[in-house]
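Enquirer: Sequence plus predicted model, see below.
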Amino acid sequence: MNGIADWKADVRAELERLGAGFEERFGYPFGADENFVSEPETGGSDTTLPPALAAFYAEVGAVSLPDVHNGYFIHPASRIPMSAEWGLPVRAEVDDIGEVVTFGTDGSGGFFSLAPADGSVYHLPSGELLNGIYRGGLGAPQRVAKDFPEFLDRLLAVLREFTADGQTSGL
């Protein structure tokens, strides 16, 4: 296995642990069909993606974690080329971030975007988005990881923390 395949296996195992006794802990049923890491989409890889995302999508189709904290979602690669059509940023005109590849969202209306210029991953809080251009939001954009592998590590840590405590400070 490689790093992403191991990450996928770890997330799936953690979701199994979270699902056990979830309703007793939180008072509502665990959405086993809604919390998942899917297999990669068929049809080849998109060579226009930054290398870190292309490697990820070779192993994973999508990630859906609505029952974890406020929710975390990594969208399928097929949504990325049409980001602006889906209402996702393709450029951030704040903090000199510039071009972004928005690959995910949180349950609070924020976006997870990779800046190809330096590989950093940013959380762009819910805010003004016009024709795929993010102009600012309810808070300042925050660099949440120096690169995509660190983002995946942090997301797994949030899932583990939430499974253990039922709480997390989030990404």
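Expert: Thanks, I have it.
Enquirer: element containing the residue located most distally from the centre of the chain, please.
Expert: Largest separation from the mean C-alpha position in the chain: Glu24, at 27.2 Å (CA atoms, centre = their mean). Glu24 belongs to helix 22-26 when assigned by DSSP states H and E.
Enquirer: likewise Tyr134?
Expert: strand 133-137.
Enquirer: Could you do Leu156 as well?
Expert: Secondary structure (DSSP H and E) places Leu156 in helix 148-165.
Enquirer: How far away from the center of its chain is that helix?
Expert: Put simply, helix 148-165 sits 11 Å off its chain's centre (CA atoms, centre = their mean, to the nearest Å).
Enquirer: rewinding a little: how close does the residue farthest from the centre of the chain get to Gly166?
Expert: Glu24 is 11 Å from Gly166, where distance means CB to CB, to the nearest Å. No exception for glycine: its C-beta is placed from N, CA and C like everyone else's.
Enquirer: circling back to that earlier point, next structured bit after the helix holding Glu24?
Expert: strand 36-37.
Enquirer: Who are the packing partners of that next one?
Expert: If you count contacts as 3 or more CB pairs under 8 Å, 6 or more residues apart in numbering; DSSP states H and E, strand 36-37 packs onto helix 3-19, strand 63-65.
Enquirer: Please repeat the previous calculation with a cut-off of 6 Å.
Expert: Packing partners of strand 36-37 (3 or more CB pairs under 6 Å, 6 or more residues apart in numbering; DSSP states H and E): helix 3-19.
Enquirer: what residues does the helix it packs on touch?
Expert: For helix 3-19, contacts defined as CB atoms under 6 Å, 6 or more residues apart in numbering pick out Phe30, Ala32, Asn35, Val37, Phe56, Glu59, Val60, Leu152, Leu156, Leu159, Arg160, Thr163.
Enquirer: List buried residues within those.
Expert: Phe30, Asn35, Val37, Phe56, Glu59, Val60, Leu152, Leu156, Leu159, Arg160, Thr163 (16 or more other CB atoms under 10 Å).
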